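# need a structure here:
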Amino acid sequence: MFKRSVTAFLIMVFLMPPIFAAEHKARKTNKFIWRQQTNDVFKVGEQLEFNIRWKFIVVGYATMSVKNIEKVQGRNCYHIVTEARTAAFFDNFFKVRDVNESWIDTKSFCSLKFRQQLSEGKYKNKETLVFDQAKQKYSVLETKKTGDIPLWVQDVLSSLYYLRSQRLSEGNTFNIDANSGGKSWPLTVKVLRKEKVNVPAGSFECFVVEPNIREGAGVFQAKGSLNVWLTDDNKKTPVKMRSKIAIGSINADLKTKRE
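Numbers count the residues shown, from 1 in each chain. Next up is the predicted model:
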């Protein structure tokens, strides 16, 4: 039970269906016009390192990095990489080595490509999704599967980085159209409150945000709960994440930040 809960949290925080994005309705025009977003929040070289903790036990580690800028579909993209792994002791019971990569358009802040490589115990899987925003289509490179996507769809990483570029205030609600594994997830994110939080990296004044399934989501069902603490400054750095589980809660606490 414990090892499955730890693994589930690693997946939820870093591999879960996207929890942040702005909702936009598609416009059918002869010429596709890219939206314009500004970014004064993060830059290439930013790296966040987290401890994954159950009660007082560190059970794993994770990093979130802005590696470089690469060309995808002829457009400049931030290359974002997250890695999650269990601590050495827990490797003996259930070893996790997961990597997610996102390519976020630097101008529109939507996702153009997402790659997931999972290694969880005996389970191994690799999946690469390409998002054609102009045609509102996705394709899976490994299986050739294709389908529709909402306009300006986000993946599991671009969603969080997009939120960091937005103005937050208590009581705000963000509607979501995002995609994971070829499925679009209708969610909302609520800005619950301001709160001071202490983590290994220091003390921070934060906004606490919570994702929820949108009303009328149909087949989509909420599973557990997740809160994220984003710093109340122009960086909106994620410094803490908490998921409630049957045996308490699992936390991801910021250990170091490099820029």
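# start to end distance for stretch 173-193?
End-to-end distance of stretch 173-193 (CA to CA, to the nearest Å): 12 Å.
# so for it, what's the average pLDDT?
Averaging pLDDT along stretch 173-193 yields 84.
# again, but for stretch 60-72
97.
# Output it as PDB - backbone C-alpha positions only.
Listed next in PDB are the C-alpha coordinates belonging to stretch 60-72 (Å, rounded to 0.1, in the frame of the first residue of the first chain):
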ATOM      1  CA  GLY A  60      12.000  10.400  -3.500                       C
ATOM      2  CA  TYR A  61      13.300  13.400  -5.400                       C
ATOM      3  CA  ALA A  62      12.200  15.500  -8.400                       C
ATOM      4  CA  THR A  63      13.600  18.200 -10.600                       C
ATOM      5  CA  MET A  64      12.000  20.700 -13.000                       C
ATOM      6  CA  SER A  65      14.300  22.400 -15.400                       C
ATOM      7  CA  VAL A  66      14.200  24.900 -18.300                       C
ATOM      8  CA  LYS A  67      16.900  23.300 -20.400                       C
ATOM      9  CA  ASN A  68      17.200  25.500 -23.600                       C
ATOM     10  CA  ILE A  69      15.200  26.900 -26.500                       C
ATOM     11  CA  GLU A  70      14.700  24.500 -29.400                       C
ATOM     12  CA  LYS A  71      12.800  24.700 -32.800                       C
ATOM     13  CA  VAL A  72       9.600  22.700 -33.000                       C
END
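# For it, buried residues please.
Residues G60, Y61, A62, T63, M64, S65, V66, V72 are the ones in stretch 60-72 that count as buried (16 or more other CB atoms under 10 Å). C-beta coordinates here come from the backbone N, C-alpha and C atoms, glycine included.
# Relative to the whole chain's centre, how far out is it?
Centroid separation for stretch 60-72 versus its chain: 12 Å, with CA atoms, centre = their mean, to the nearest Å.
# that older thread, is it possible to get a markdown table of the buried residues of stretch 60-72 that adds secondary structure and distance to T38?
Converted to a markdown table, these look like this (DSSP: H, G, I helix; E, B strand; the rest coil; distance: CB to CB, whole Å):
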| residue | secondary structure | distance to T38 |
| --- | --- | --- |
| G60 | strand | 35 |
| Y61 | strand | 32 |
| A62 | strand | 28 |
| T63 | strand | 26 |
| M64 | strand | 21 |
| S65 | strand | 22 |
| V66 | strand | 16 |
| V72 | strand | 20 |
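# Check those residues against L160 and report the nearest one.
M64 (8.3 Å; CB to CB).
# is that closest one in a bridge, and if so with what?
L48, T82 (DSSP bridges).
# Check Q117 too.
Beta-bridge partners of Q117, as defined by DSSP bridges: V99, K126.
# I'd like the distance between it and Y123.
To Y123, Q117 is 12 Å away according to CB to CB, to the nearest Å.
# And these two? Which one has more around it.
Under the criterion of other CB atoms under 10 Å, the comparison of Q117 against Y123 puts Q117 first, with 15 against 9.
# Do I have it right that the more buried one meets E142?
No - contact criterion CB atoms under 8 Å: Q117 and E142 do not qualify, at 11.1 Å.
# which residues do these two both contact?
Counting by CB atoms under 8 Å, 6 or more residues apart in numbering, the shared contacts of Q117 and E142 are K126.
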